[in-house]
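**Student:** fold the stuff below for me.
(chains A and B)
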Amino acid sequence: MKRMQTEILVIGGGATGTGVAWDAALRGFRTLLVEKRDLTHGTTGRYHGLLHSGARYVLKDAASAAQCISENRILRRTHTHCIEDTSGFFVVTPEDEDDYPDRFAAACRRLDVPCTEIPASSALRREPLLNPRISRVFELPDAAADSFLATHATAQAARQAGATLLPYHELTRLHLSGGDGNRTISGATVLDTVSGEELHIDADLVINAAGAWSGQVAALAGVEVKMILGKGVMLATNARLTNTVINRCKMPGDGDILVPIHTVSVIGTTDEKVAGPEDLPIEQWEIDLMLTEGDELVPGLSRSRILRAWAGVRPLYQETQPPAESNQSKEGSHSNDQPVQEMPQDSRDATRALALLNHRQRDGVRGFITITGGKWTTFRLMAESAVDAACEQLGVSRPCRTAATAVPGVDQGHYWLGHRLSEVEDEQLQSELVCECELVTRSMLESAAQRNPTVTLDDLRRDVRLGMGPCQGGFCTYRAVGILHQLRTAKTSPVVGEWNVAHMQSPAHHHRDSSTAEASDSASNSASAYDSLQRSAAVDPQAAVSQPNLLLRDFLQERWKGVAPILWGQQLRQERLDELIYLSILNADHLPVDDKESPLSSFYRSDFSPSGSNQ
Amino acid sequence: MLDLLVIGAGLTGLFAAYTAARAGLRVRVIAHGAGATHWHAGTIDLLGNLPDGEKTVTNWTQAVPELPPAHPYRLLGIDAIAKAMDEFQSLTAVAGLPYVRAGAATDLTASSPQDERTSQRSDSDEQVSDPNLGRNLQLISPVGAPRPVYLAPAAQQAASLEDDRPLVIVGLQGMPDFYPELIAENLQKLGHRARSASLPLSRLTKRLDRSPLHLARLLDQPAEQALLAQMIVDVTAAGERVGLPAVLGLNAHTALVTQLHEATTARSRPSPQSSHSQQAGTSIFEIPTLPPSVPGLRLDAALRTQLTGLGVRVEIGMKACGFHATGRRIQWLETETGSRPLRHTARNFLLATGGILGGGIYADRCGRVRETVFDLPLTAPQSRTQWLRPLFLDRRGHPIFQAGVSVDQRFRPLDQAGAPVYDNLWAAGSTLAHTDPIRERSREGIAIATGYAVAKGVVTSQ
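**Tutor:** Here you go, the predicted model:
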């Protein structure tokens, strides 16, 4: 069994986990992160992409609102290029309560959330598709965030600070020693899900940042962390309906946010308590509700073409009772800061504020911290408080530096809708397009595939938005498989140098990059020692590509699970064209079977619930 | 007055119009858009899988009796299907774009537009005893899987996987829709002798649009044809079959294939294998690509040229918006124009608007499934919960894609009581229920066979 040694081991490769790794590495800790699938595979990659101003929670959850607005200001500096500065409207529709808007505006003032009431007529001029019957409009600094890019950028910043990130490494065991009430965690065993090898990790401290999976991780330490898992369903339309984030000005409910993100608008969300983090069926009523409520914001939304439906699960947490074991702990006094509350009946009512569980005080387990709750918007703050607690446990004092440190790429400024198109046109990259819907070029795909672990095409989707447009992989699935297969069979030497996440969204950059690759081969040799260390620890990018037919089938099924719940009208017709391509022309269902299953084949299956009681 | 108004310009509509016009009827074709022929591989897939999805069909004459009784092929019977295929082959021979069956040798170089000999089935009385009658070809898909095809354009025939000559799949570097290494590797896994090679597309064109259609137009030019021939000879060896993406010319297709064939066989003449490869057909073949499909465009153009020769107009851009019926007879159909609806009066109407892909059937969010021109009663799953299955590649297919019009033995749409809705309305092609042509790999077979049957039915009823 391979062994690794680290000071801080982070469990979970979502926004929070990568944020923790970045923070800890910046503070000079040797840091290792393990994630059981790809980075952002969990909730981070399944949310609507809203950078909250906090206004949504000013009346319901003041703590969360205050955290959101302060983080909103910070992330605009540290992750500028991951944010589209759309601004946000809170609109009052005829269905909404009369006194809520005034209380809302007062609460925004109280919490220092910048809130300006603008005339409904000028809001309608800016957003002509908005419901013309809205009576009042407040403008707030909401924005759209690319959570894939942001997490990759944070991860790159963490790597540059010395952290090692291991995707596709699943935690199987936490190493516990000592007796009841005075136990210590000294490391973990993780499984490389691609190679099947086990890895033994010695660590001074383990930070559980597994989000919705936090309860499962804590259970490995014999600690009960009762998560409230609130499933949210979202739908993407095939075009942007508005260029501003639209919120209903009312108590947060279902289907009251519309976020423009890249080329689509996302309407969200529902909030349903679910039993497990991977138990995410999409029910017909949820889709209907989203569309009916969406019509209140943008009339006719329910008749627009829906590309896809997906569900994410909020990792909500509320301390409900004094933990039994903390009585035995002498230092247990800090742990009960939070008021003891009834378990909320509805996950809508659970707080969105972050929750830091210091298990030394709470459960008498040394070397173990859980950071959960929170929003995507507050991931940096969550990381900061987790690493603060780690410093305390390790008996060192090192100040947090993330709020004042920018991740790579911020010099590009905020991203904007026409960004990719302008680059493709300027550099004349038409012949290189692999995915016409999302303007993914061949060199972007190759660069992502060679320098980032690629186990499935879905990993590349998260990297470059492959297959996220109207045809949902109809044309690009085949091309991407062909290109990955060529990469493997090509005699050319593998590309060295770290994947430059800062330019992940930039076709022109990748194009220039690949055309000068040979020239710069020698120049990058100096960096290659560091890089090969990084990559030898990560997944072998060639491994997956040795099974092109499996890649193809997996991605077709992955796309299917998100379109099946919304197939009607023109999107059903589109799917029939995809059937024509993959069945009639490619005969993909009669390809030789090169391997039975990838680590994710069954996930793509179990994640899918047909729109009803189909077998 | 028109004898037959065909609604829909796909393979179904065009072949039905051709058949009826050849029999002397006055025919017109109207359609909202160009048919789905442009999307498909340009082959005639007659039946490749049975609906349970488990068995691959090698001979459709044996498989058709296993289809459900309401399936269009069961309504037609084997002889009627074979007769329609025969007529289609004759048409393609006349049009200079010959289609061939398994076991039939074509000498591509001998084909000429007027030469009826290139149709293998000159004597149709023989067909009953012909052991090859129902045999499918196994051609090569763009991922290297076998494609079950009944009639192939002559340029795809040499892809047959029953042929044991070694294969070399030649790609064009910089073309996004063709991956020779992947095709060759999958063919090897299936036990075939295959390798791959690449030609730099940059030597042929500096243009950035590298869609199959653009490349096909480029290869209509003599200079590029000669250059391509030389490049192919350079990367291939004697005795090899050469597979290329289906971009070998649009208008000068036959001439180009002939030239490439001669260029690759010329150098093998001294070798003892040469006579063998001459017998086995051409040494060059095309592999279909993603849409737009160049072989599909060629077929569409060939059909339209024949129709023009028969005086049949094909009007695209006409969206049906209303119709009028008296009793059980449709009097006229209206299409949208900029000012007022245009009225089309005819004695008979053929609905050939396709299924969900073609736009003949529309399924909405509430689970309603509609036929888009006449709002005919449909056979379809009752609610949206029954439309789909959990796995995309489920061999049984998704029930919604079997939605369609139920018809009587003469292909007249039926109402719930089982009686024809109108006496002079007919339906054919993918609009029909009780089949999922894409899963079955029967799209073109159903189009041709049912289109032909309706045309013959209309002629008889006149």
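**Student:** please work out which residues outside the helix or strand A:Ile371 falls within touch it.
**Tutor:** Using DSSP states H and E, A:Ile371 falls within strand A:368-373. With CB atoms under 8 Å, 6 or more residues apart in numbering or on different chains as the test, strand A:368-373 has contacts from A:16, A:20, A:174, A:185, A:205-209, A:211, A:214, A:217-218, A:221, A:223, A:225, A:227, A:315-318, A:351-360, A:382-383, A:385-386, A:389-390, A:393. For glycine as for every other residue, the C-beta is placed from the backbone atoms N, C-alpha and C.
**Student:** how many other residues sit next to the closest residue to chain B within the stretch 101-250 of chain A?
**Tutor:** Proximity of the stretch 101-250 of chain A to chain B (CB to the nearest CB) peaks at A:Leu235, 11.9 Å away. By other CB atoms under 10 Å in any protein chain shown, the residues close to A:Leu235 number 28.
**Student:** doesn't it belong to a helix?
**Tutor:** No. Counting by DSSP: H, G, I helix; E, B strand; the rest coil, A:Leu235 is located in no helix; its state is strand.
**Student:** and A:Val137, what are its bridge partners?
**Tutor:** Beta-bridge partners of A:Val137, counted by DSSP bridges, are A:Val91, A:Ile118.
**Student:** pLDDT score for it?
**Tutor:** A:Val137 carries a pLDDT value of 97.
**Student:** and for B:Val29?
**Tutor:** 98.
**Student:** so B:Glu315 lies in a helix, does it not?
**Tutor:** No. Read with three-state DSSP, B:Glu315 is strand and lies in no helix.
**Student:** can you show me the CA trace of the strand holding A:Ile371 as PDB?
**Tutor:** Extracted as PDB, the C-alpha positions of strand A:368-373 are listed here (Å, rounded to 0.1, in the frame of the first residue of the first chain):
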ATOM      1  CA  PHE A 368     -11.100  16.100  13.300                       C
ATOM      2  CA  ILE A 369     -13.200  19.200  12.200                       C
ATOM      3  CA  THR A 370     -16.400  19.300  10.200                       C
ATOM      4  CA  ILE A 371     -17.300  22.400   8.200                       C
ATOM      5  CA  THR A 372     -20.700  22.300   6.600                       C
ATOM      6  CA  GLY A 373     -23.900  24.300   6.100                       C
END
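**Student:** what lines up beside that strand in the sheet?
**Tutor:** Here strand A:368-373 is paired, per DSSP bridges, with strand A:198-208 (parallel), strand A:354-358 (antiparallel).
**Student:** what sits against A:Val10?
**Tutor:** Applying CB under 8 Å, 6+ apart to A:Val10 gives the contacts A:Gly17, A:Val20, A:Ala21, A:Ala24, A:Thr31, A:Leu32, A:Leu33, A:Val34, A:Val206, A:Ile207, A:Ala209.
**Student:** neighbours of B:Leu342, how many?
**Tutor:** Residues within reach of B:Leu342, counting by other CB under 10 Å, total 15.
**Student:** tell me how many other residues crowd the closest residue to chain A within the stretch 351-462 of chain B.
**Tutor:** Closest approach between the stretch 351-462 of chain B and chain A, counting by CB to the nearest CB: B:Thr385, at 2.5 Å. Residues within reach of B:Thr385, counting by other CB under 10 Å, total 14.
**Student:** ok, it touching A:Gln284?
**Tutor:** Yes. If you go by CB atoms under 8 Å, B:Thr385 and A:Gln284 touch, sitting 7.4 Å apart.
**Student:** can you list the domains in chain B?
**Tutor:** The record's domain split for chain B, according to automatic domain parsing, is B:2-88+B:298-461, B:164-279.
**Student:** and chain A, by the same measure?
**Tutor:** What automatic domain parsing lists as the domains of chain A is A:2-43+A:148-228+A:316-404, A:82-145+A:229-311, A:418-606.
**Student:** dump those domains into a markdown table; add distance to B:Thr37 as well.
**Tutor:** Formatted as a markdown table, these follow (distance: least, CB to CB, whole Å):
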| stretch | distance to B:Thr37 |
| --- | --- |
| domain A:2-43+A:148-228+A:316-404 | 39 |
| domain A:82-145+A:229-311 | 25 |
| domain A:418-606 | 12 |
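**Student:** strands along the stretch 351-500 of chain A, start to end?
**Tutor:** A:354-358, A:365-366, A:368-373, A:433-435, A:440-441 (DSSP state E, counting those that start in this stretch).
**Student:** the longest helix along chain B and chain A in contact?
**Tutor:** Counting by DSSP state H, the longest helix found in chain B is helix B:443-461. Yes. Using CB under 8 Å from any CB of the partner chain, helix B:443-461 reaches chain A at B:Arg443.
**Student:** restricting to C-alpha, output that helix in CSV.
**Tutor:** Only the C-alpha atoms of helix B:443-461 are listed here, as CSV (Å, rounded to 0.1, in the frame of the first residue of the first chain):
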residue,chain,number,x,y,z
ARG,B,443,-36.4,4.1,-41.5
GLU,B,444,-35.7,4.1,-45.3
GLY,B,445,-37.2,0.7,-45.8
ILE,B,446,-40.5,1.8,-44.3
ALA,B,447,-40.3,5.0,-46.3
ILE,B,448,-39.8,3.4,-49.6
ALA,B,449,-42.1,0.4,-49.1
THR,B,450,-45.1,2.3,-47.7
GLY,B,451,-44.6,5.2,-50.0
TYR,B,452,-44.6,2.9,-52.9
ALA,B,453,-47.7,1.0,-51.6
VAL,B,454,-49.7,4.2,-51.2
ALA,B,455,-48.8,5.4,-54.7
LYS,B,456,-49.9,2.1,-56.2
GLY,B,457,-53.0,2.3,-54.1
VAL,B,458,-53.9,5.7,-55.3
VAL,B,459,-53.3,4.7,-58.9
THR,B,460,-55.6,1.7,-58.5
SER,B,461,-58.3,3.8,-56.9
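**Student:** low-confidence ranges, the stretch 201-350 of chain A, go.
**Tutor:** By pLDDT under 70, the low-scoring segments of the stretch 201-350 of chain A are A:320-346.
**Student:** returning to what we had before: a markdown table for the strands paired with strand A:368-373, including mean neighbour count?
**Tutor:** Formatted as a markdown table, those follow (neighbours: other CB atoms under 10 Å in any protein chain shown):
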| stretch | mean neighbour count |
| --- | --- |
| strand A:198-208 | 22 |
| strand A:354-358 | 22 |
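**Student:** B:Ala301 is nearest to which of these?
**Tutor:** Of all those, strand A:198-208 sits nearest to B:Ala301, with 61.1 Å by CB to CB.
**Student:** could you pull out the helices for the stretch 351-500 of chain A?
**Tutor:** Along the stretch 351-500 of chain A, counting by DSSP state H, counting those that start in this stretch, helices occupy A:359-363, A:379-394, A:419-426, A:442-451, A:457-464, A:476-489.
**Student:** for chain B, longest strand please?
**Tutor:** Longest among the strand segments of chain B by residue count, using DSSP state E, is strand B:342-351.
**Student:** check which residues of that strand are buried.
**Tutor:** Across strand B:342-351, burial judged by 16 or more other CB atoms under 10 Å in any protein chain shown covers B:His344, B:Ala346, B:Arg347, B:Asn348, B:Phe349, B:Leu350, B:Leu351.
**Student:** and for the closest residue to the last one other than its chain neighbours, the neighbour number?
**Tutor:** Right, the one you point to is B:Leu351. Nearest-residue entry for B:Leu351: B:Ala427, 4.4 Å, with adjacent residues in sequence omitted and distances by CB to CB, 6 or more residues apart in numbering or on different chains. B:Ala427: 31 surrounding residues under other CB under 10 Å.
**Student:** hmm, B:Phe349 and B:Ala427 touching each other?
**Tutor:** No. Under the criterion of CB under 8 Å, B:Ala427 makes no contact with B:Phe349, lying 9.4 Å away.
**Student:** now whichever residue of the stretch 451-600 of chain A sits closest to chain B: closest residue in space that isn't a chain neighbour?
**Tutor:** Closest residue of the stretch 451-600 of chain A to chain B, CB to the nearest CB: A:Gly482 (3.0 Å). Nearest non-adjacent residue to A:Gly482, counting by CB to CB, 6+ apart: B:Tyr179, 3.0 Å away.
**Student:** so, low pLDDT: which residues of the stretch 151-300 of chain B?
**Tutor:** Where the stretch 151-300 of chain B drops to pLDDT under 70, the residues are B:268-281.
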